[in-house]
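>>> coordinates for the following, if possible.
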Amino acid sequence: MRVVVAEDAVLLRAGLVRLLTEAGHEVVADVDTAEDLLRAVEQHAPDFALVDVRLPPTFTDEGIRAAVLLRAQHPGIAVLVLSQYVEERYAAELIASRRDGLGYLLKDRVADVEQFLESVETVGAGGTVLDPEVVAQLLVRSRHRQDLELLSPREHEVLGLMAQGLSNASIAANLFLTESSVEKNIRSVFTKLGLAHEDGGNRRVRAVLRYLGYPDPGAAPPGAASPGARPTRPTRQEFRP
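Below you'll find the predicted structure:
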């Protein structure tokens, strides 16, 4: 395959280029910014793009935004994204658009050279390879959205005003309800979102975070082992079209 590599860390980029070259691929360009990645794709028309999520100048989401753009503008290119952490918003957008010829791996997976090169081959052949941690976090996010769908229209209104920082009295005034009615709706919101008294923490804050789409700080982290559970090696989630 003809490959473009976009990675700002010089040593890692050199290592990736060497791995790909020794595996029989042709690296037609290796760059360190999203802009250079897009230019390289236009110039070389590669088969495959290996992209770091965080690229200059802000080192936030330039790389993965470029990957989303590549998928839209050059549907024939396979894209494998590497990230230190799961960027949920753009990961979901990448996967929702098309799953053929797509990979999203955390960078520590590169240490397993054989598995990494297998992932490159799978994605290049039109398959999909998703890191187990990506799958776990997106499933949690999806489940939280489903929880919100359980709320009634009135409960949605109440939770929306809670998210704006309004007190129960202000919510009541805005919705022309009694405070007791607002309190009843809030209790129902807590119940439907699974925020019980004994969970600890501020249930009001946790409900608002759920409403805004942020991770619940009171929930167990994705993939957390139950007490006494034996640790297991993550398994790759692989799908072929």
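
>>> show the backbone phi and psi for the residue of the chain positioned farthest from its centre.
Most distant from the centre of the chain: Thr178, at 40.6 Å, with distances by C-alpha atoms, centre = their mean. The phi/psi pair for Thr178 (degrees, to the nearest 10) reads phi -80, psi 160.

>>> how about it, what does it touch?
Listed by C-beta atoms under 8 Å, 6 or more residues apart in numbering, the contact partners of Thr178 are Ala172. Using the backbone N, CA and C atoms, a C-beta is placed for each residue, glycine as well.

>>> do you know how far it is from Lys184?
Noted for Thr178: a distance of 9 Å to Lys184, by C-beta to C-beta, to the nearest Å.

>>> any weak-confidence spans in the protein?
In the predicted model of the chain, residues 97, 136, 138-146, 197-201, 212-241 satisfy pLDDT under 70.

>>> repeat that with 50
Applying pLDDT under 50 to the chain flags residues 200-201, 220-241.

>>> in this protein, which residue is most central in space?
Central residue of the chain (C-alpha atoms, centre = their mean): Glu88, at 2.2 Å.

>>> how close does the residue farthest from the centre of the chain get to Ala34?
53 Å.

>>> what's the domain layout of this protein?
Per automatic domain parsing, the structural domains of the chain span 2-132, 150-212.

>>> between the two ends of the first one, how far is it?
Terminal residues of domain 2-132 lie 27 Å apart, using C-alpha to C-alpha, to the nearest Å.

>>> rewinding a little: tell me which of the domains of the chain is the most buried.
Among the domains of the chain, domain 2-132 has the highest mean neighbour count (mean count of other C-beta atoms under 10 Å), at a mean of 18.

>>> check the offset of that one from the chain's centre.
Distance of domain 2-132 from the chain centroid (C-alpha atoms, centre = their mean, to the nearest Å) equals 15 Å.

>>> stretch 122-138 too?
11 Å.

>>> so how far is Leu195 from the residue nearest to Ala163 when sequence neighbours are not counted?
Of all residues not flanking Ala163 in the chain, Val208 sits nearest, at 4.7 Å (C-beta to C-beta, 6 or more residues apart in numbering). Between Val208 and Leu195 the computed distance is 11 Å (C-beta to C-beta).

>>> for Ser188, same thing?
Applying C-beta to C-beta, the value for Ser188 to Leu195 is 11 Å.

>>> over to Leu70?
40 Å.

>>> just Ala34 next, same as before
Where Leu195 is concerned, Ala34 sits at a distance of 39 Å (C-beta to C-beta).

>>> try Asp61
Asp61 is 30 Å from Leu195, by C-beta to C-beta.

>>> which SS class is Val5?
strand (DSSP: H, G, I helix; E, B strand; the rest coil).

>>> ok, it touching Arg13?
Yes: applying C-beta atoms under 8 Å as the test, Val5 and Arg13 come out as touching, 6.0 Å apart.

>>> so what's in contact with the two at the same time?
Residues touching both Val5 and Arg13 (C-beta under 8 Å, 6+ apart) are Asp30.

>>> now Gln164: how far from Tyr211?
Separation of Gln164 from Tyr211 (C-beta to C-beta): 11 Å.

>>> and the nearest residue to Val53 once chain neighbours are set aside, bridged to which residues?
Spatially, and ignoring its direct neighbours in sequence, Val53 is nearest to Ser83 (3.8 Å; C-beta to C-beta, 6+ apart). For Ser83, the beta-bridge partners under DSSP bridges are Leu106.
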